[in-house]
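In: coords below, sequence missing:
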């Protein structure tokens, strides 16, 4: 349980540290630009991602109790990692903050799977 606790604690703290400033920085699209309406998607993405950091901290508080949330956390990481990888491999995403962020989510995805497996309880005999 210690391993799972540390993995989710580090992931939650890291995510809060990285994502919170984005809520105040906002997208760099000037008003009047055709992409300006997409600011709502940006803030929605960051907001949902911030909420999931709190879920990671909840899991860290009691990994055995919140183990079912670990599987959902793997999906949360996959939802950014897989598109980032696919977009990069097709030339639609350049190396930069979004690409590197999606690769970090890939590493966290693997660590979350490790935590999920490590917290599996043996069936009673």
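Out: It's in. These numbers were taken from a predicted model, which means no experiment stands behind them.
In: do you know how far the residue nearest the centre of the chain is from residue 115?
Out: The residue lying closest to the centre of the chain (C-alpha atoms, centre = their mean) is residue 77, at 4.5 Å. Per C-beta to C-beta, to the nearest Å, residue 77 is found 12 Å from residue 115. Glycine gets a C-beta too; all of them are placed from N, C-alpha and C.
In: Double-check the residue nearest to the centre of the chain against residue 108; I have them as touching.
Out: Yes. If you go by C-beta atoms under 8 Å, residue 77 and residue 108 touch, sitting 5.2 Å apart.
In: quick revisit: got a list of what the residue nearest to the centre of the chain touches?
Out: Residue 77 sits next to 105-106, 108-109, 112 when contact means C-beta atoms under 8 Å, 6 or more residues apart in numbering.
In: do you know how far it is from residue 102?
Out: Distance from residue 77 to residue 102, by C-beta to C-beta: 9 Å.
In: Kindly report the same for residue 75.
Out: Applying C-beta to C-beta to residue 75 and residue 102 gives a distance of 15 Å.
In: Same drill for these two, tell me which one is more crowded.
Out: Counted by other C-beta atoms under 10 Å, residue 75 and residue 102 do not tie: residue 102 has more neighbours, with 21 against 10.
In: Now the phi/psi pair for the more buried one, please.
Out: Dihedral pair for residue 102: phi -70, psi -30, per degrees, to the nearest 10.
In: who are the neighbours in contact with it?
Out: Residue 102 sits in contact with 80-81, 83-85, 88, 93, where contact means C-beta under 8 Å, 6+ apart.
In: what secondary structure does residue 12 sit in?
Out: Following DSSP: H, G, I helix; E, B strand; the rest coil, we place residue 12 in the helix state.
In: List the contacts of it.
Out: The contact partners of residue 12, by C-beta under 8 Å, 6+ apart, come to 53-57, 60.
In: Most neighbours of all those, which one?
Out: Highest neighbour count within the contacts of residue 12, by other C-beta under 10 Å: residue 56, with 26 neighbours.
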